[in-house]
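Colleague: based on what follows, work out the 3D shape:
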Amino acid sequence: MHLFIEQLLNGLQFGILLFLIAAGLTLIFGVMDFINLSHGSIFMMGAYFSLVFQRLTGSFFIAIVLAGIAAFVLGVLLELLLARRLYHRNHLDQVLVTFGLILFANEAVTIIWGTQAVYSGLPESLEGQLELPFGISYPTYRIFAIGVGALVGLLLYLFIQRTRIGMLVRAGATNRETVSVMGVNISFLFTIVFGLGALLAGIAGAVAGPILSVQPGMGETVLILSFVVVVIGGLGSIRGALFAAMIVGLIDTLGRAYLRDILSTILSPAAASDAGPALASMLVYILMAVILFFKPEGLMPIQKKR
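Modeller: Numbers count the residues shown, from 1 in each chain. Model prediction:
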């Protein structure tokens, strides 16, 4: 029972990490109709930014905040210098250009920091285990990661729901044409949305750094799962991204932990050992296919107004 609860917490932590990345993706696509494959690279840069700022300031907590700010600035620069030139191009052009950014970012990171994985240190307060109810010990840092993700998610909700810019973002996701003819500075709105998406990805990378190995290409795998989250939740839907991220995080984590044992009840141990890990890695994609079969627009899509 203890192990199962620990795996549930692992799934929750992974789901919150996916939500931070997927929320930025779904904002950018929902408001701007822009496919940004380089979003995973911003996640990677957030992890490296955190390492740099941790060494400069000596504070892990300040480093996370500064890494998010640096990712926001990077996102704004990418939007101003590159992305806005592609808004009126087709999605294939956007995919090709942002895929090129992935290659550029990986090479730049390799040149600056090398190819070896780097592990960021933790403050003493976040090391060790935290005693939870029912005699469960769980890593303190993972609890911290869950808390940071929940806090950022709450702040994002308040920003989208309670601010004027958030209102324009929601309106833009519903009906971009109407927003543009009402005198709203669409270029400024797009820049803010792109920067906000980068901010979320950067914070996710900074928080994930001590859990994952910080290395070139670390954003690609997470990016693929984040796209799965966006598709399952519904394009442009923050609420859908949150709900889908929790589902994907739990299914992926529990599948990798228990699927082999479940299969061993009907297969030989050798066959279960071979099939379990392979099938576990496919579970989220099977889930996506099933959901899209019954709900092609995702679980909680934004209803576009014509």
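Colleague: give me the low-pLDDT residue ranges for the chain?
Modeller: 1, 170-183, 302-306 (pLDDT under 70).
Colleague: break down it into its helices, ranges please.
Modeller: Using DSSP state H, the helices of the chain run over 2-32, 39-57, 60-81, 91-113, 140-162, 164-174, 176-181, 186-208, 218-233, 238-263, 269-294.
Colleague: closest to residue 128 out of these?
Modeller: When these are compared by CB to CB, helix 140-162 sits nearest residue 128, at 5.7 Å. In this view, the C-beta of every residue, glycine as well, is placed from N, C-alpha and C.
Colleague: can I get the helices of the chain in TSV with distance to residue 126 and mean neighbour count?
Modeller: Shown next, in TSV, are these (distance: least, CB to CB, whole Å; neighbours: other CB atoms under 10 Å):
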stretch	distance to residue 126	mean neighbour count
helix 2-32	14	23
helix 39-57	12	24
helix 60-81	7	20
helix 91-113	23	15
helix 140-162	5	16
helix 164-174	31	18
helix 176-181	42	14
helix 186-208	11	25
helix 218-233	21	22
helix 238-263	21	21
helix 269-294	29	14
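Colleague: ok, which of the ones you listed comes nearest residue 120?
Modeller: helix 39-57 (5.3 Å).
Colleague: tell me what that closest one is packed against?
Modeller: Contact here means 3 or more CB pairs under 8 Å, 6 or more residues apart in numbering; DSSP states H and E; on that basis helix 39-57 packs against helix 2-32, helix 60-81, helix 91-113, helix 186-208, helix 218-233.
Colleague: and those helices: which comes nearest residue 254?
Modeller: Ranked by CB to CB, the member of the helices and strands packed on helix 39-57 that lies closest to residue 254 is helix 2-32, at 5.8 Å.
Colleague: and that closest one with helix 218-233, angle?
Modeller: Counting by axes from the mean of the first three to the mean of the last three CA atoms, to 10 degrees, helix 2-32 lies at 80 degrees to helix 218-233.
Colleague: helices and strands around helix 2-32, which ones?
Modeller: By 3+ CB pairs under 8 Å, 6+ apart, helix 2-32 packs against helix 39-57, strand 136-139, helix 140-162, helix 164-174, helix 186-208, helix 218-233, helix 238-263.
Colleague: and the ones you listed as CSV, adding distance to residue 90?
Modeller: Converted to CSV, these look like this (distance: least, CB to CB, whole Å):
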stretch, distance to residue 90
helix 39-57, 19
strand 136-139, 45
helix 140-162, 28
helix 164-174, 20
helix 186-208, 18
helix 218-233, 18
helix 238-263, 25
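Colleague: any idea which of those gets closest to residue 291?
Modeller: Across the helices and strands packed on helix 2-32, closest to residue 291 is helix 218-233 (CB to CB), at 5.4 Å.
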